[in-house]
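I need the structure of the sequence given here:
(chains A and B)
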2 protein chains.
Amino acid sequence: MDAFLAVVSRREVRDYAPAPVPDDAARRILEAGRLAGSSRNRQARRFIAIRDRALLDGLADAVYTPSNLRGAALAVAVLTAGKGPAGFDAGRAAQNMMLAAWNEGIGSCPNGIADPERCAAVLVPRDGEQVATVVTFGYPARPWDPERRSPEEAIARADRLPFDAVVEWR
Amino acid sequence: MDAFLAVVSRREVRDYAPAPVPDDAARRILEAGRLAGSSRNRQARRFIAIRDRALLDGLADAVYTPSNLRGAALAVAVLTAGKGPAGFDAGRAAQNMMLAAWNEGIGSCPNGIADPERCAAVLVPRDGEQVATVVTFGYPARPWDPERRSPEEAIARADRLPFDAVVEWR
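Take a look at the predicted model:
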């Protein structure tokens, strides 16, 4: 898929089909996260990729929308550590992963951590690590083919504030 | 460009050719930022797009690497406001913009704010707004064609920690 179409057609997908995410697709998703730029190339982050059903279900009650985890075929926890703009860099890595997934028709959604203690009990982060997000992945329950839309159509349909409300030219 | 190739071939570009970023490309870059997902779709962000040479130069001393601003044809300041994971969401929007740019051969780099007071004096943010980053854009001074590389080659050449050092499977 063209990169611009992927960027403007991607939406959060929270309802997943039961189909697993193939190994090679999971690998590409994680490579996309690994290759994301970071402040001073510190790469102060780590990814825990979860496909075990019991672990996905165990993590579900730690996030704001447990059903996302319960239905996901794959989840990737992004853990950050150390100084620097951890949230910003985690967002870059997560976006890369979600676009790589969407490029092959796999939906995704970032999940905020509602219960950090429960999250830590399941993921067991290393000393100093924070869980920035848990991104859920899976084929959409209601599949659609973004290739059938133009970028213009994807932009027009987006539930977003108007261009002139968020962009100021100088 | 294929979205996966864009994701894995994109690198920070800090040396820019003097050529301007065309209006339609700048618009696509900003649409990519506007359409990025955000926590609860709050879109608690705003973009200031700067092409004025004096303003770009004036902002240069506010960031860690002033030469990035001095050489850039376009800069987009990402301003966040309110509650929620502002840094994470700003990272998602910035990554979207940088990938939309790279898709048409335009390089980019996020710039951290070294001097928030100087930055505020130039950008004049609204009450409650923070400048998360200033992303610089421009055609690379040393152009190369990512289409001539495969994703596998781009991945192999990346200056990143090894896959097994950053990914844990569960």
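
so where do the helices sit in chain A?
Using DSSP state H, the helices of chain A run over residues A:3-9, A:23-34, A:53-60, A:66-71, A:86-102, A:116-123, A:151-157, A:163-166.

any idea which of the ones you listed is most buried?
helix A:86-102 (a mean of 28; mean count of other CB atoms under 10 Å in any protein chain shown). Heads up, the C-betas are built off the backbone N, CA and C, glycines and all.

tell me the angle it makes with helix B:86-102.
Angle, helix A:86-102 to helix B:86-102, by axes from the mean of the first three to the mean of the last three CA atoms, to 10 degrees: 50 degrees.

my guess is residue A:88 meets residue B:88, correct?
Yes. With contact defined as CB atoms under 8 Å, residue A:88 counts as touching residue B:88 (7.2 Å).

Could you list the low-pLDDT ranges of chain A?
Residue ranges of chain A with pLDDT under 70: A:84, A:146.

tell me, what residue is most central in it?
Compute the mean C-alpha point of chain A, and by CA atoms, centre = their mean the closest residue is residue A:135, 3.8 Å away.

Who does the longest strand belonging to chain A pair with, and is each partner parallel or antiparallel?
Longest strand of chain A, by residue count under DSSP state E: strand A:130-138. Strand pairing for strand A:130-138, using DSSP bridges, gives strand A:74-80 (antiparallel), strand A:107-111 (antiparallel).

how many degrees apart are it and helix A:53-60 in direction?
130 degrees.

Distance from strand A:130-138 to the middle of the chain?
6 Å (CA atoms, centre = their mean, to the nearest Å).

Also stretch A:60-68?
On CA atoms, centre = their mean, the centre of stretch A:60-68 falls 14 Å from that of its chain.

For it, measure first residue to last.
By CA to CA, to the nearest Å, the extent of stretch A:60-68 from end to end equals 7 Å.

what's next to it, contact-wise?
A:14, A:69-70, A:109, A:111-116, A:118-119, A:122, A:134, A:136 (CB atoms under 8 Å, 6 or more residues apart in numbering or on different chains).

between those residues, which is nearest chain B?
residue A:112 (6.5 Å; CB to the nearest CB).

Got phi/psi on the nearest residue in space to the closest one that is not next to it in sequence?
Once flanking residues are discounted, residue A:112 sits nearest to residue A:64: 5.0 Å by CB to CB, 6 or more residues apart in numbering or on different chains. Backbone torsions of residue A:64, given as degrees, to the nearest 10, read phi -70, psi -30.

Tell me how many other residues crowd residue A:64.
Residues contacting residue A:64 under the criterion other CB atoms under 10 Å in any protein chain shown number 12.

rewinding a little: most widely separated two among the contacts of stretch A:60-68?
The most widely separated members of those, counting by CB to CB, are A:14 and A:116 (21.6 Å).

Looks like the residue nearest to the centre of chain A contacts residue A:95 (just checking).
No. The pair residue A:135 and residue A:95 fails to qualify as a contact (CB under 8 Å) at a distance of 9.6 Å.
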